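*Asks:* Predicted structure and sequence below. I'll ask about it afterward.
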Amino acid sequence: MTLSHAHASPQQPRRVVVLGAGGFLGRRLLEACAAAGIATLALGTRDIDLADPDAGARLAARLAPQDALVFLSALTPDKGRDTNTLLRNLAMGRAVCAATQAVELSHLVYASSDAVYSFATPLISEETPAVPLDLYGAMHRTRELMLAAEAKAPLAIVRFTAVYGAGDTHNSYGPNRFLRQALKDGRITLFGNGEETRDHIYVDDAAALVLDVLRHRSTGLINLATGTSVTFRAVADLIAEQVRAQSGKPVEVVPSARQNPATHRHFDVGNLSRAFPAARTTAMHDGVAATLADARARG
């Protein structure tokens, strides 16, 4: 299953409702919609806790017919890796399914994760089987299946690789953590020597691609990645170099004893290129520079 478009030429959604509007990607998506002149409704946990038993009815009361709904809300691994976290995340999926059954939506976009893939296949495409290895990956795969089975709206599943940029509240291993360490401590700590290769996508590019999915009212499955994987060591060295260049502050990159075997992940982005031929992603060097400048501007 890959992505197909209801609109060959992009059309503005009537209104985009963002669940998880206060999050890192949600804020950038709302900014992108505003810049495009698209009406939005921003909903966060303070508005509706999607894990509550009555959340489906409460969400339905906030929706209007022909809204496009973007489901970004999730408790991420930094909030817990236990069964309770898993069940709260699945309760959110149940609430979204219930709301779509009560209100006729034009579109539903679910933000999933490349955590649904194992590391047994280092080159990932949309045809790669989803075989999650932890509760976070299992949660996303289960929510995908729930929405496909029970949501009453045209569904697009977008599986993100690691998203980076200023304003991320998570501290996952990679560019966002490295930048915090460099600015705060002048020291970036690696797992092993940072040999693992990963694909990272700049947050503004991620938001722009979700907006492309909305404008084409796309359905099916797509991986959102750049197609270029680099080692964590290369990312750390790049951040150290740019922090030194912009602030004069020296940054040390420190390896550590490796506890687990190195794993690698690359993406075949052929389907993404065919779906959105005009889309471009930011090179890591430029994305890190923009992230650092943005982070310094935010203090």
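*Replies:* All right, it came through fine. Numbers count the residues shown, from 1 in each chain.

*Asks:* contacts, neighbours, all on C-alpha from now
*Replies:* Fine.

*Asks:* what's the helix or strand bottoming out on mean pLDDT in the chain packed up against?
*Replies:* Taking mean pLDDT, DSSP states H and E as the measure, the chain has helix 284-298 as its least confident helix or strand, at a mean of 87. Using 3 or more CA pairs under 8 Å, 6 or more residues apart in numbering; DSSP states H and E as the contact criterion, the elements in contact with helix 284-298 are strand 197-202, helix 232-247.

*Asks:* what's the burial count for the nearest residue to residue 133 once chain neighbours are set aside?
*Replies:* Closest residue to residue 133 apart from its sequence neighbours, by CA to CA, 6 or more residues apart in numbering: residue 118 at 6.1 Å. One way to gauge burial is a neighbour count; for residue 118, by other CA atoms under 10 Å, it gives 18.

*Asks:* my read: residue 118 touches residue 128, true?
*Replies:* No. Applying CA atoms under 8 Å, one finds residue 118 not in contact with residue 128, separated by 9.4 Å.

*Asks:* which residue sits closest to residue 232, ignoring its sequence neighbours?
*Replies:* Of all residues beyond its chain neighbours, the one nearest residue 232 is residue 194 (4.7 Å), with distances taken as CA to CA, 6+ apart.

*Asks:* where along the stretch 1-150 of the chain do the strands fall?
*Replies:* Using DSSP state E, counting those that start in this stretch, the strands found in the stretch 1-150 of the chain span residues 4-5, 16-19, 40-43, 68-71, 107-113, 123-124.

*Asks:* who does the third one pair up with?
*Replies:* Translated: strand 40-43. Looking at strand 40-43 with DSSP bridges, its partner strands are strand 16-19 (parallel).

*Asks:* buried ones in the partner strand?
*Replies:* Counting neighbours by 16 or more other CA atoms under 10 Å, one finds that the buried residues in strand 16-19 are 16-19.

*Asks:* For the residue nearest to residue 133, grab phi and psi.
*Replies:* Here is the backbone geometry of residue 118 (degrees, to the nearest 10): phi -90, psi 170.

*Asks:* Verify the contact between residue 207 and residue 24 for me.
*Replies:* No. Because the distance of 10.2 Å does not satisfy CA under 8 Å, residue 207 is recorded as not touching residue 24.

*Asks:* Which of the three states applies to the residue nearest to residue 232?
*Replies:* Assigned by DSSP: H, G, I helix; E, B strand; the rest coil, the conformation of residue 194 is coil.

*Asks:* Just want the angle from the least confident helix or strand of the chain to strand 197-202.
*Replies:* When axes from the mean of the first three to the mean of the last three CA atoms, to 10 degrees is applied, the directions of helix 284-298 and strand 197-202 differ by 50 degrees.

*Asks:* Can you name the residues that contact the residue nearest to residue 133?
*Replies:* Residue 118 makes contact with 130-133 under the criterion CA atoms under 8 Å, 6 or more residues apart in numbering.

*Asks:* Appreciated, that's everything.
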